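1. starting from these lines, generate the structure:
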Amino acid sequence: MTAPRPLRTVVIVGVATVLGVAACTPARDVAGAPSTTEVVAASSSTALVAAPTTTGVPRPAWFSDVATSGSPFPGAKVDGLLTFRGNPTRSWHGGGPVPKAPAELWRYPQGGGLCGTSSEFGETSQWCGTGWTGQPAMWTASGAWSALGARTLVAFGAYDYGVHVLDAATGRAVVPTFRTGDLIKGSVSIDPDGYPLLYTGSRDGFLRMIALDRPEPTELWRFHAEDVQPTMWNDDWDASPLVTGGLLLQGGENSRFHAFRLQRGYGADGKVTAAATLLFHTAGWDDQLLAESGTPAMSIENSVALAGTTVYFSNSAGLVQGWDLAGLDDASGATGRTPERTFRFWMGDDQDASIVIDEQGFLYAAAEYERSTARATEVGQLVKLDPRRPDDPVVWSLPLRTGGVPSGVWATPALHRDLVIVTTNAGEVLGIDRASGAVRWQLDVAGPAWSSPVVVDGVLIQGDCGGTLRAWDLRDTRVAPPLLWSIRIGGCIESTPAVWDGRIVVGTRSGQVVAVGDR
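-> Numbers count the residues shown, from 1 in each chain. Alright, predicted model coming up:
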């Protein structure tokens with residue numbers, strides 16, 4: 001890592017949906033930020049509140065109030081980090097205390113070996129550990145979870161095809177490993193309503209609900225990516241399922257978005273029961289995208305985010321969509337209103353990073369730069385969008401193409417106070433003014449950097465591909481944060497760390513998952 005360095009960057013503000021930039025005007029440097037910034041097509045944007053629910057449709061149980069952005073999962077009956085980025089707006093990263101002088105507490109498994117083989121485009125290779133996004137779920141055991149005999153639990157999927165559930169204090173398994181038929185690349189989710197259920201996808205084509213209140217983890221329901229048509233690309237499920245208000249919302253690499261109604265309860269034997277009914281599904285592509293993108297890659301790999309009744313996601317061709325799901329009743333069935341697309345914005349290249357929604361309803365979308373398209377060059381790789389202005393949604397946009405091709409962003413941005421923090425493939429960790437898009441400061445870590453930045457209790461935590469986990473003090477957001485500590489755990493850290501109850505748990509490509517904390 002090198003010291004923060006002076007910056008010269010270009011911020012594009014108010015780019016039209018398809019075209020257009022105007023003359024340059026100089027921007028004022030933020031106090032303490034050693035940068036020289038140019039603003040292109042400068043314009044002002046007033047703060048707006050989230051759009052109201054569709055007129056005439058009652059607010060459903062799964063309504064996501066954007067005012068809860070940055071907070072734990074609203075209304076959850078389980079205390080913890082339950083899904084990728086913690087809540088329906090993908091904006092909460094866990095709970096403290098954050099370790100002050102962390103040491104390694106445990107490794108799982110002790111000798112490594114979370115490895116499996118998988119085939120892609122006719123080639124078979126070995127994958128080890130956990131990868132992108134790979135964030136563990138961590139939660140305090142209560143209710144039905146207390147039977148597992150641990151105070152705090154941690155669960156994750158890995159490249160050995162397995163779902164693992166451990167005692168977070170010891171790193172020992174509390175139930176046997178549940179085996180799928182292929183790699184698990186994404187982040188598992190825990191039922192927020194207290195049912196002892198885990199939700200995960202796998203490269204074997206299935207999205208699953210797994211009961212964890214039995215001697216052996218038991219699959220209660222599964223859905224194959226080819227159970228709907230038409231599909232494109234493949235049958236993997238990389239996204240972290242969003243379970244909220246009786247619905248299961250999920251995008252797939254079959255290039256479709258799916259909304260299921262859950263049926264959960266308990267049987268006469270006291271064991272959890274679960275099933276799901278498909279209410280709605282739609283393509284992640286349209287004819288315009290097929291014509292303009294020049295690629296058949298349309299898969300939805302990021303985890304869907306929810307604002308009000310509108311779900312947001314993007315795909316491998318760079319299409320950001322918003323679908324208003326008002327009318328999908330979580331209790332008694334459809335109200336007769338078909339979900340409709342209310343937002344469309346094309347970024348021009350692959351988007352693995354999840355969309356993040358702030359407390360005013362603005363969207364933060366990040367993209368890679370792999371195909372060198374004119375659209376991706378024009379729009380940039382980090383964009384703040386206002387979905388209430390669908391014809392001209394760009395508030396500001398930032399080009400992030402250090403390193404040429406490939407470059408851009410795989411990690412999901414983090415929001416903290418007046419900052420959006422983004423980590424680029426090249427290893428730049430950028431602190432960006434949320435209002436203006438100006439880069440205030442930069443840190444550097446070993447790339448390729450796909451692990452998402454995590455902020456808990458004012459501490460920024462970032463893993464890198466050199467195998468080092470670092471923490472910085474974010475109390476003053478105007479200046480480059482000072483380093484608090486670093487610890488080398490080995491292996492490329494592609495996965496996103498989970499922070500809970502004084503521990504940080506993260507997987508690496510070394511074939512292990514590691515916990516660090518104060519002794």
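
2. so the residue lying farthest from the centre of the chain versus residue 375, what's the distance?
-> Distance to the chain centre peaks in the chain at residue 268, reaching 37.2 Å (criterion: Cα atoms, centre = their mean). From residue 268 across to residue 375, the span is 57 Å (Cβ to Cβ, to the nearest Å). All C-beta spots, glycine's among them, are computed from the backbone N, C-alpha and C.

3. ok, back up a step: the residue farthest from the centre of the chain and residue 196, how far apart?
-> Distance from residue 268 to residue 196, by Cβ to Cβ: 17 Å.

4. one more: residue 222?
-> Taken as Cβ to Cβ, the span from residue 222 to residue 196 is 17 Å.

5. do residue 232 as well
-> Counting by Cβ to Cβ, the gap from residue 232 to residue 196 is 35 Å.

6. of those two, which one has the most company?
-> residue 196 (23 against 19; other Cβ atoms under 10 Å).

7. for the stretch 351-500 of the chain, which spans come out with low pLDDT?
-> Within the stretch 351-500 of the chain, no stretch falls below the threshold (pLDDT under 70).

8. so which residues of it form helices?
-> 374-379 (DSSP state H, counting those that start in this stretch).

9. what do you get for the chain?
-> Assigned by DSSP state H, the helices in the chain fall at 287-293, 374-379.

10. mind checking these for the one nearest to residue 345?
-> Proximity to residue 345, assessed across the helices of the chain by Cβ to Cβ, is greatest for helix 374-379 (8.6 Å).

11. residues in contact with the closest one?
-> 12, 15, 19, 292, 318, 346-349, 367, 369, 394, 397, 399, 408 (Cβ atoms under 8 Å, 6 or more residues apart in numbering).

12. what of stretch 340-349?
-> Residues outside stretch 340-349 that contact it (Cβ under 8 Å, 6+ apart) are 17, 282, 286, 289, 292-293, 310, 312, 314, 317-324, 365, 367-371, 373-379, 381, 383, 385, 387, 390, 393-394, 408.

13. in PyMOL, select just the buried ones from the residues you listed.
-> Selection of buried members from the contacts of stretch 340-349 for PyMOL, criterion 16 or more other Cβ atoms under 10 Å:
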select buried, resi 282+289+292+293+310+312+314+317+318+319+320+321+322+323+324+365+367+368+369+370+371+373+376+378+379+381+383+385+387+393+394+408
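
14. next, name the residue at the spatial heart of this protein.
-> Taking Cα atoms, centre = their mean, the centroid of the chain lies closest to residue 354, which sits 4.4 Å from it.

15. how close does the nearest residue to residue 79 once chain neighbours are set aside get to residue 162?
-> Excluding the flanking residues, the one nearest residue 79 by Cβ to Cβ, 6 or more residues apart in numbering is residue 140, at 4.5 Å. Using Cβ to Cβ, residue 140 is found at 23 Å from residue 162.

16. neighbours around the nearest residue to residue 245 once chain neighbours are set aside, how many?
-> Once flanking residues are discounted, residue 245 sits nearest to residue 62: 2.8 Å by Cβ to Cβ, 6+ apart. Here the count is done by other Cβ under 10 Å, and residue 62 has 23 residues near it.

17. strands of the stretch 151-300 of the chain, residue ranges please.
-> In the stretch 151-300 of the chain, the strands defined using DSSP state E, counting those that start in this stretch lie at 152-157, 162-167, 178-179, 189-190, 197-201, 206-211, 218-224, 242-244, 247-251, 256-266, 272-283.

18. ok so, going back, touching, the residue nearest to the centre of the chain and residue 300? I think so.
-> No: the pair residue 354 and residue 300 fails to qualify as a contact (Cβ atoms under 8 Å) at a distance of 10.4 Å.

19. got the contact list for residue 282?
-> 256, 257, 323, 339, 341.

20. swap in 7 Å and give it another go.
-> Neighbour list for residue 282: 256, 257, 323 [criterion: Cβ atoms under 7 Å, 6 or more residues apart in numbering].

21. could you list the low-pLDDT ranges of the chain?
-> Residues of the chain meeting the criterion pLDDT under 70: 1-57, 329-336.

22. repeat the analysis, applying 90 as the threshold.
-> By pLDDT under 90, the weakly predicted segments of the chain are 1-59, 120-122, 147, 149, 327-338.

23. now the end-to-end length of stretch 413-426.
-> Start and end residues of stretch 413-426 are separated by 15 Å (Cα to Cα, to the nearest Å).

24. mind listing what's buried in it?
-> Buried residues in stretch 413-426, counting neighbours by 16+ other Cβ under 10 Å, are found at 413, 414, 415, 416, 419, 420, 421, 422, 423, 424, 425, 426.

25. endpoints of stretch 98-112, how far apart?
-> Taking Cα to Cα, stretch 98-112 runs 26 Å from one end to the other.

26. which of the residues in it are buried?
-> Buried-residue list, stretch 98-112, by 16+ other Cβ under 10 Å: 98, 99, 102, 105, 106, 107, 108, 112.

27. repeat that for stretch 474-481.
-> For stretch 474-481, by 16+ other Cβ under 10 Å, it's 474, 477, 479, 480, 481.

28. ditto for stretch 170-185
-> Buried residues in stretch 170-185, counting neighbours by 16+ other Cβ under 10 Å, are found at 171, 174, 175, 178, 180, 182, 183, 184, 185.

29. for it, what is the distance to the chain centroid?
-> How far stretch 170-185 lies from its chain's middle: 21 Å, per Cα atoms, centre = their mean, to the nearest Å.

30. end to end, how far does it reach?
-> So stretch 170-185: terminal residues 24 Å apart, Cα to Cα.

31. surely residue 128 touches residue 511?
-> Yes: taking contacts as Cβ atoms under 7 Å, residue 128 lies within contact range of residue 511: 4.1 Å.

32. find the residues that touch each one of those two.
-> Common neighbours of residue 128 and residue 511 are listed as 114, 115 (criterion: Cβ under 7 Å, 6+ apart).
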